[in-house]
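# Following is a predicted model, sequence given first.
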Amino acid sequence: MSDVQEQTVALDPELVDAIVERAQQLLPLGSLWAAEGGAARADSPADGGSDADAREALAELGRRLGEMYPYGDVRYIGQILKPPHPVAWAANAVTALINPNNHALDGGPATAHLEKEAVADLARMFGMPQHLGHLTSSGTIANLEALFVARELRPEGVVLSSEAAHYTHKRMCALLRMEHETVPQDEGGRMDVEALERRLEQGGVSLVVATLGTTSLGALDPVHRILELGRRYGVRVHVDAAYGGFHVLLAGDDPTVDPAPFRALPEADSIVVDPHKHGLQAFGCGSVLFADPSVGSLYLHDSPYTYFTSDELHLGEISLECSRPGAPAAAFWATTRVLELTSGGLGAQLRRSREAATRIAAGLAAGRSSRLVVEPELDIVCYYPAAERASEISRASDRAFDLLAERGWHVAKLTVDVDWLRRSGAGIEADAETVTVLRSCVMKPEHLGIVDEFVETVEEVFSGLV
Ligand SMILES: *Cc1c(COP(=O)(O)O)cnc(C)c1O
């Protein structure tokens, strides 16, 4: 990462001092730092270290954090990464001072209640008439829980997910000893429903995983049609909306987003959405929701250490994880008080990044030297230099990635199957099995302000390479 170091700034030492001072005021540090003048208490090292060491440790951390891409900058237009909402950060920090554990109500009564409210808010956003759910440390763990519940209900069946589904589904199926098969994707990167139906006709399937917003392209599996097939063949349907779940706030409101797959969500058996992706939260905040609250009994276990303070549901009783921080729940709850889960709240932010993505896509599609992989359905845009051969495209993409970084623009890369790319009509010569293209998650509303500059820069860089 040496090429990015110069472009980032280490934490300001004054900021570090301010943080240390604030921590001294807020934390019960009487026993950690000397009460008077912050002098080191060399006579009692077990107390937690000296003030000087604390400052030095944080100052060094500040320098180390300089080795990072500028995720918060508007010119960072690469991976699924951005700083959390300021309120999320503040609520997380404040709650972490208490450090509650949302496993059981005795470990974090207030934050457990906040978690239940925040999860109910998510269920309302999806239009679920009833639900059972909780936050998780990630989308992967949330999906694991959905797969676990499916296996408990139907231990024998095969799990199907699309070629473009997140790679962890296959791995989690192996972990759970569930049989997994892949359904082909269509030329838009969505699950091929005709192929799905042919597989369902053969029988033996217990669960279909639909992806609402694939991680690579932001493609929308036709959830409405998959649910229809699921009902017809008596198969459970889980929707992995880790990335695109919050875009339900645009369904019917933003004419450029297909509302049909989102409107079908209340019919799904389970849904996963990651507040740490488009919900403006720090990493460590996924969620899973089940349509049938009675699946909670599948988690049944006895804990000799906890669950003694009340008969009310303890979140640990319906979670595969034991200890879970209360701070992310507080942070997500507080954020939704500032930016409600409505079309005019968080939806307004998503609408702007969607607009930025469609305008970037249109600009690149019109460019002489740029090609789009697919028309973006959400806010992820994938594009490549218009060369003839697969190997040339990959080489030019790699070079463009570096040249863009030199100019201060940070994008990401994606590897796609050459035969799949050729299906979308691109007349590419297949002299390699895969092609490297560039990928931009246009996740910040501020990206609307850089559309033209970005398109021009990409076009200029590409034109020098092909
Ligand atoms: C990101 C993502 C996941 C994995 O979630 P993590 O929070 O990274 O563990 C799963 N599915 C989809 C569709 C995703 O975009």
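That came in fine, so what should we check first? Numbering: from 1, shown residues only.
# quick one: contacts for the residue nearest to K444 when sequence neighbours are not counted?
The spatially closest residue to K444, leaving aside those adjacent along the chain, is K82, at 5.8 Å (C-beta to C-beta, 6 or more residues apart in numbering). C-beta: built from backbone N, CA, C; applies to glycine. Applying C-beta atoms under 8 Å, 6 or more residues apart in numbering, we find K82 in contact with 71-72, 76, 443-444.
# make it 10 Å
The contact partners of K82, taken as C-beta atoms under 10 Å, 6 or more residues apart in numbering, are 71-73, 76, 277-278, 280, 353, 441, 443-444, 446.
# Are any of the residues you listed buried, and if so which?
By neighbour count, with 16 or more other C-beta atoms under 10 Å, these hold 73, 76, 277-278, 280, 353, 441, 443-444 as buried.
# just the residues you listed that are near the ligand?
On the criterion C-beta under 6 Å from any ligand atom, none of the entries of the buried ones among the contacts of K82 sits beside the ligand.
# So which of these belong to helices?
The helices, defined by DSSP state H, take in 277-278, 353 from the buried ones among the contacts of K82.
# re the thing from before, need the three-state assignment for the residue nearest to K444.
Assigned state for K82: coil (three-state reduction, DSSP: H, G, I helix; E, B strand; the rest coil).
# What separation do you get for it and the ligand?
Separation of K82 from the ligand (C-beta to the nearest ligand atom, to the nearest Å): 14 Å.
# Over to V74?
22 Å.
# Could you do L58 as well?
Here L58 is placed at a distance of 28 Å from the ligand (C-beta to the nearest ligand atom).
# packing partners for the helix or strand hosting that residue?
Using DSSP states H and E, L58 sits in helix 51-64. When contacts are defined as 3 or more C-beta pairs under 10 Å, 6 or more residues apart in numbering; DSSP states H and E, helix 51-64 sits against helix 13-26.
# Can you point out the buried residues in the helix it packs on?
In terms of neighbour count (16+ other C-beta under 10 Å), helix 13-26 has its buried residues at 16, 19-20, 23-24.
# Show me which residues of the stretch 151-300 of the chain are close to the ligand?
Contact residues, the stretch 151-300 of the chain versus the ligand (C-beta under 6 Å from any ligand atom): 166, 168, 211, 215, 240, 242-243, 274, 286.
# Inside strands: which ones of those?
Secondary structure from DSSP state E places 211, 240, 286 of those in strands.
# Columns neighbour count and pLDDT on top of the residues you listed, output as CSV?
Listed next are those as CSV, based on neighbours: other C-beta atoms under 10 Å; pLDDT from 0 to 100:
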residue, neighbour count, pLDDT
T211, 31, 98
D240, 30, 98
G286, 26, 98
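# which strands and helices sit next to the helix or strand containing R231?
In the assignment (DSSP H and E), R231 maps to helix 223-233. Applying 3+ C-beta pairs under 10 Å, 6+ apart, one finds that helix 223-233 contacts helix 193-202, strand 205-211, strand 236-240, helix 260-263.
# Could you give the separation of that helix from the chain centroid?
Distance, stretch centre to chain centre, for helix 223-233: 25 Å (C-alpha atoms, centre = their mean, to the nearest Å).
# Now that helix: average pLDDT?
For helix 223-233, mean pLDDT is 98.
# For that helix, which residues meet the burial criterion?
Of all the residues in helix 223-233, those buried under the rule 16+ other C-beta under 10 Å are 223-230.
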